[in-house]
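# Quick one, what's the 3D model for this:
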Amino acid sequence: MAGRRQGIASVRASSLSRHCVPPYDARSVAQTAGVLYFLGMAKLDDLTRWQRATLLCVTVLLGVMALAALAEGAVRVRHYLKYGGFWGIESTYTVDEASGLRVPVPGLREGSIEINSRGFRGPEIVAHKTPSTLRLAFLGGSTTYCAEVSSNELTWPHLVWGSLQRQFDNIKLDYINAGVPGYNAAASLKNLEYRVAELQPEVVVIYHATNDLSSNSYRAAREQGLVEEQGGDHPTWLSRYSLLWYLAEKNGRILLRRNHSTASTEKLSVESEILAEPFYKDLSELVAAAKRVAPVVVLVTFSHQLRHDQDPIRRAKAAETSLYYMPYMTVDGILAGFDAYNRVIREVASRSGAVLIDGETIIPADPIHFKDSVHFTDEGSRAMAARVVKGLLESPTFVQLVEESR
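Numbers count the residues shown, from 1 in each chain. Next comes the predicted model:
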């Protein structure tokens, strides 16, 4: 038995020594393995130089592995507390075969996020509703999906539905939260055509701006040579198994793009009205398609944490997230961009006859209401819902629709 133990120890120590120190005879390696197995039974001073080197090498290796395991565990626990699962947020999405869109995984239940069987964040919804049911559909990006709030029930589309249902308790209302992180107006058009139209909503609420500003400004910055073409961000083998490595890769790519952009003092030089032209086209097409689907189409101006009355320090803090993804723009440039995009929303509403819900600055610009530059906290979501409900109740077009549904 003693010989068997010594043989096993010899093999293990030999493997370690190949990576840490030059090879030695089997007897010396076995002695080192014995030190590793019975650490503390011999004094460090009794070890030879190469044995101490081997011990140090293994100790450092084990320490690094332990720290990596602790870091991996920490990011997974943090992710679980925020999203209800131990894996990355991308695991909650799939690709819709018909449209080619990235959509939430149907039937997903992960922490605060619940996806129905049709791939929308919210309660189950039947395809063939009764004639007396009034259905609302909400189109947008992450600011409509609301991953940052505490539950499905605190997304502003859900709060809007709940408030209206209490207001009109003699009719049945339901809703579709068709917001998906990363979507701009063009993606929402495809989402409407392939996934929402068949559910026959009577009201379509559209909330877009930030992803359009980001994509359109990136295109302009690339034309001016301020950023490089973005390649495919395919995860490496290790990132498929380690959330820590996945996040490090993802943030590393963003930082590399930001550093490349900020290496020069040059910033994007383009008139905000010109930057808004693609948004005008995409939003107009989306509204036109929505009007073919629903009798009432609603446009909501975009709320964000940047405000003209903020001092430079407060404004820079409020712009952090936007600057993270648009580093080629100045803080004032981002604010001017949002102003221009809200003007587009008002103009498209006026030209198309869509219901306009204005007042984007009603929501206070503070950390109580905003998680970052554009995403709502629970309180911000409540304020957004109150703003939308007020606008709907003040709209003769919407009120008439409700009366006709009684």
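
# Just give me the longest strand of the protein.
Of all the segments assigned as strand in the chain under DSSP state E, the longest by residue count is strand 133-140.

# Would you map the strands across the stretch 301-406 of the chain?
Taking DSSP state E, counting those that start in this stretch as the test, the strands found in the stretch 301-406 of the chain are 355-357.

# how about the helices in it?
Remark: helices of the stretch 301-406 of the chain, listed N- to C-terminal, are 312-318, 320-325, 331-352, 378-393, 396-405; assignment by DSSP state H, counting those that start in this stretch.

# Looking at these, spot the one closest to residue 97.
In this view, those are compared for proximity to residue 97 by C-beta to C-beta, and helix 320-325 is the closest at 28.9 Å. The way it works is simple: take the backbone N, C-alpha and C, and place the C-beta from them, glycine included.

# where in the stretch 1-150 of the chain is pLDDT low?
The stretch 1-150 of the chain contains residues with pLDDT under 70 at 1-45, 72, 75-76, 78-91.

# Mind telling me what element the residue nearest in space to the middle of the chain is part of?
When the chain is reduced to its mean C-alpha position, the nearest residue by C-alpha atoms, centre = their mean turns out to be residue 181, at 5.5 Å. In this assignment (DSSP states H and E), residue 181 forms part of neither any helix nor any strand.

# quick one: contacts for it?
141-142, 145, 147 (C-beta atoms under 8 Å, 6 or more residues apart in numbering).

# One more: residue 176?
Residues counted as contacts of residue 176 (C-beta under 8 Å, 6+ apart) are 120, 122, 125, 135-138, 196, 199, 201.

# Quick one: residues in contact with stretch 396-406.
Contacts made with stretch 396-406 from outside it, assessed by C-beta under 8 Å, 6+ apart, are listed as 132-134, 168, 170-171, 202-203, 295-296, 298, 355, 392-393.

# Then stretch 270-277?
Surrounding stretch 270-277, the residues in contact under the criterion C-beta under 8 Å, 6+ apart are 213, 216-217, 220, 224, 333, 336-337, 339-341, 343-344.

# Closest one of these to residue 307?
residue 339 (10.8 Å).

# Got the confidence number for that closest one?
Residue 339 carries a pLDDT value of 98.

# Return the distance of it relative to residue 363.
Residue 339 is 16 Å from residue 363, where distance means C-beta to C-beta, to the nearest Å.

# Next: residue 55.
Note on residue 55: its distance to residue 363, by C-beta to C-beta, is 60 Å.

# what about the residue nearest to residue 127 when sequence neighbours are not counted, how many neighbours?
Leaving aside its chain neighbours, residue 127 sits nearest to residue 199 (6.3 Å; criterion: C-beta to C-beta, 6 or more residues apart in numbering). Residue 199 has 19 neighbouring residues, counting by other C-beta atoms under 10 Å.

# Next up, the contacts around residue 199.
Residues in contact with residue 199, defined by C-beta under 8 Å, 6+ apart, are 118, 125, 127, 129, 135, 137, 176.

# Can I get those in CSV including secondary structure and distance to residue 402?
Output for the contacts of residue 199, formatted as CSV (DSSP: H, G, I helix; E, B strand; the rest coil; distance: C-beta to C-beta, whole Å):
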residue, secondary structure, distance to residue 402
118, coil, 25
125, coil, 19
127, coil, 22
129, coil, 15
135, strand, 12
137, strand, 16
176, strand, 18
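
# which one of these has the most neighbours?
Compared across these, residue 137 has the highest neighbour count, 29 neighbours, by other C-beta under 10 Å.

# which ones are touching the closest residue to it other than its chain neighbours?
Using C-beta to C-beta, 6+ apart and skipping the chain neighbours, the partner closest in space to residue 137 is residue 201 (3.8 Å). Residues touching residue 201, when contacts are defined by C-beta under 8 Å, 6+ apart, comprise 135-137, 176, 293-294.

# about what we covered before: what's the closest of the contacts of stretch 396-406 to residue 283?
residue 298 (12.7 Å).

# Surely the closest one touches residue 394?
No: contact between residue 298 and residue 394 fails when scored by C-beta atoms under 8 Å: they sit 11.6 Å apart.

# before we move on, the earlier item: any idea how far the residue nearest to residue 127 is from residue 174?
9 Å.

# And for residue 280?
Between residue 280 and residue 174 the distance is 32 Å, computed by C-beta to C-beta.
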